[in-house]
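Engineer: This is a predicted model, with the sequence first.
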Amino acid sequence: MALLTTQSSSQPNTTSIRSRVSALCYLLSSAAALALRLSCFPGGKFPYQLACLCSRPICLLQLFRTSASRSYRRVVRSLPRFWVMLFYFVSTSFLGFLFLKLFAPAAGTPRVPSDLDLFFMAVSAVTVSSMSTAEMGALSNGQFVVLAILMLVGGEVFTSMAELHLMETELGVEVSTPVVSANGSSPAADSSPGGTAVATDLADSNFVELGLAAAPAASGDLNLAKSKEQGLKIYNSLKTLSAVVFVYLVLAHVAGSMAILLYLISKPAPRGLLVERGVSTLGFSVFMTISSFANAGFVPLNEGMAPFKQSPGVLLLIVPLVLAGNTLFPPLLRWAVRLSKAVVGGELSKYILENTGEIGFQHLLSTRRSACLLFTVAGFVCLQVVAFCWIEWGGAALEGLSAYQKVVGGLYMAVNSRHAGESPFDLSAVSSAVLVLYVVMMYLPPYTSFVPAMEDHDDQGGEVDGEPLKRGQAAEKVGGWKLVLRAVLESLSMSHLSYLAICVMLICITERRKLAHDPLNFNVLYIVVEVIRQVSI
């Protein structure tokens with residue numbers, strides 16, 4: 001009987017609370033509607049349908065979402081992209097440091113990383129600079145997870161998605177771009193003030209931020225219509241590229257992790273190296289995939305990749321990840337866009353591939369530049385492998401390895417010089433000439449390519465023997481071979497710093513015995529100073 005009394009007495013209280021909450025939501029939505037009417041709409045012209053919608057409590061969330069979205073777009077457009085990306089990296093570094101600090105280090109570690117060590121490691125992971133002042137064995141599993149996330153969000157491919165998002169926001173084109181009349185109203189919105197018009201006005205909220213896509217008048221403003229159509233094509237291209245890059249990122253990490261994991265499971269020797277150090281095979285596979293694809297250079301072992309110098313299979317599986325996440329990203333991106341024809345349609349895919357300059361995405365290169373980049377990367381890798389094997393074949397760095405292991409190790413070093421920084425060998429045992437070559441390779445930007453000037457001459461035309469050449473017909477005209485030869489010579493010309501590096505490297509090769517036996521009088525720094533001094537005279 002007491003239970004029934006309690007239930008009957010609590011029912012009015014529940015009803016009263018519900019009525020108060022409904023009244024509060026109604027007041028808040030009405031206040032928000034009034035604020036939008038006074039501030040967001042010039043002249044106080046507030047749509048009747050939106051006012052009716054704001055009388056519902058659920059409209060409050062929609063208003064907050066719209067207001068936050070507009071504020072975000074306004075802030076992003078007002079700031080240069082450099083400051084937006086700087087804020088992204090700084091804020092991510094601080095968040096990473098806080099999470100690294102949150103997790104305790106590994107149990108039994110002799111030297112606990114300090115706060116400065118953790119902050120330096122967080123910044124290094126976000127900027128993928130592969131520097132650390134703490135031993136990797138001192139980190140716990142939670143800290144390894146945080147480090148992997150930081151490398152993932154700081155990698156070149158992931159930040160390219162952020163760049164695409166900023167480009168979409170700056171362009172200001174929404175997914176829905178309804179055509180409205182010249183007076184700024186939609187025909188469907190003027191037809192009825194009821195529920196159909198409300199839905200129409202909600203669709204009209206997805207407008208072109210640079211100006212409503214008004215239908216041209218009878219006289220026709222064709223230039224305006226074409227500019228709107230072009231902007232919509234670029235916006236759809238950016239959205240498609242975002243999806244393609246996301247799928248590319250996911251597939252690369254899944255395929256890389258599974259390949260390394262299956263290899264470690266099938267090979268007891270490399271798996272035993274991880275078991276001895278207490279590292280999980282699954283954790284090692286995922287961590288190395290993220291680190292290699294982002295070119296971060298972090299390895300969850302204190303010795304780095306040195307324990308795997310006799311396991312060429314692991315090194316060969318990591319090589320394509322390093323290339324796919326950095327130097328070969330533009331050619332592979334074009335290949336991924338071609339494969340996306342079945343999903344996005346052949347017309348849009350063709351537009352993306354043929355209008356790389358208009359889209360303005362720095363990682364999307366033209367066909368010729370992508371091919372030049374591919375051949376340049378292959379040439380640099382072959383040059384480094386040949387130089388490494390020729391100079392270090394009988395050296396202390398490759399002692400005890402078979403010929404196959406030496407070649408794979410040289411390939412791994414060549415690929416990681418741009419710019420992952422992973423090494424299975426002791427760099428102190430590598431000759432100075434090879435180190436100078438690696439320094440030059442690290443200095444080069446990731447998208448360095450030879451023969452890019454041929455495309456510029458072919459696109460812009462030129463003159464041969466005083467005869468003007470039309471765009472795209474330079475090589476076909478009489479005397480066009482002279483233009484091609486001139487373009488090749490211009491592309492092969494290098495800076496003064498490159499010639500200095502080549503001279504230093506040649507001297508290190510010819511004097512490598514003196515560098516090894518008399519390091520006091522013959523060292524790389526002395527050679528660099530002498531070469532620069534002779535050039536400056």
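Structural biologist: The structure has been received and is ready for your questions. The structure presented is a predicted model; accordingly, all values stated were derived computationally and were not measured. Numbers count the residues shown, from 1 in each chain.

Engineer: which helix of this structure spans the most residues?
Structural biologist: As assigned by DSSP state H, the longest helix anywhere in the chain is helix 222-266.

Engineer: Remind me what it packs against, helices and strands.
Structural biologist: Packing partners of helix 222-266 (3 or more CB pairs under 8 Å, 6 or more residues apart in numbering; DSSP states H and E): helix 156-171, helix 268-276, helix 281-293, helix 312-324, helix 329-339, helix 346-354, helix 356-359. Bear in mind the C-beta positions are built from the backbone N, C-alpha and C, glycine included.

Engineer: what do you get if the cut-off is 10 Å, keeping everything else the same?
Structural biologist: In terms of contacts (3 or more CB pairs under 10 Å, 6 or more residues apart in numbering; DSSP states H and E), helix 222-266 is packed against helix 156-171, helix 268-276, helix 281-293, helix 312-324, helix 329-339, helix 341-344, helix 346-354, helix 356-359.

Engineer: okay, the ones you listed, which one's buried deepest?
Structural biologist: Highest mean neighbour count of the helices and strands packed on helix 222-266: helix 281-293, a mean of 23 (counted as mean count of other CB atoms under 10 Å).

Engineer: which helices and strands does that helix pack with?
Structural biologist: Packing partners of helix 281-293 (3+ CB pairs under 10 Å, 6+ apart): helix 141-154, helix 156-171, helix 222-266, helix 268-276, helix 312-324.

Engineer: now those helices in TSV, with mean pLDDT and distance to Val440?
Structural biologist: Formatted as TSV, those follow (pLDDT from 0 to 100; distance: least, CB to CB, whole Å):
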stretch	mean pLDDT	distance to Val440
helix 141-154	94	25
helix 156-171	88	21
helix 222-266	88	28
helix 268-276	91	32
helix 312-324	95	18
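
Engineer: Those helices: which one's closest to Ser431?
Structural biologist: The minimum distance between Ser431 and the helices and strands packed on helix 281-293 falls on helix 312-324, with 20.8 Å, by CB to CB.

Engineer: Counting neighbours, what do you get for Arg73?
Structural biologist: The criterion is other CB atoms under 10 Å. On that basis, Arg73 has 16 neighbouring residues.

Engineer: do Leu444 as well
Structural biologist: 15.

Engineer: which residues touch it?
Structural biologist: Contact analysis of Leu444 by CB atoms under 10 Å, 6 or more residues apart in numbering lists Thr327, Thr376, Phe380, Ser417, Arg418, His419, Ser498.

Engineer: and if we set it to 8 Å?
Structural biologist: Leu444 sits next to Phe380, Arg418 when contact means CB atoms under 8 Å, 6 or more residues apart in numbering.

Engineer: one step back: now the helices and strands packed on helix 281-293 as CSV including distance to Phe87?
Structural biologist: Formatted as CSV, the helices and strands packed on helix 281-293 follow (distance: least, CB to CB, whole Å):
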stretch, distance to Phe87
helix 141-154, 14
helix 156-171, 11
helix 222-266, 20
helix 268-276, 38
helix 312-324, 28
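
Engineer: what's the closest residue to Val344 other than its chain neighbours in contact with, if anything?
Structural biologist: Excluding the flanking residues, the one nearest Val344 by CB to CB, 6 or more residues apart in numbering is Thr240, at 5.0 Å. For Thr240, the contact set (CB under 8 Å, 6+ apart) comprises Val337, Ser340, Val344, Leu348, Ser349, Ile352.

Engineer: for Gly283, same thing?
Structural biologist: Contacts of Gly283 by CB under 8 Å, 6+ apart are Asn141, Phe144, Pro300.
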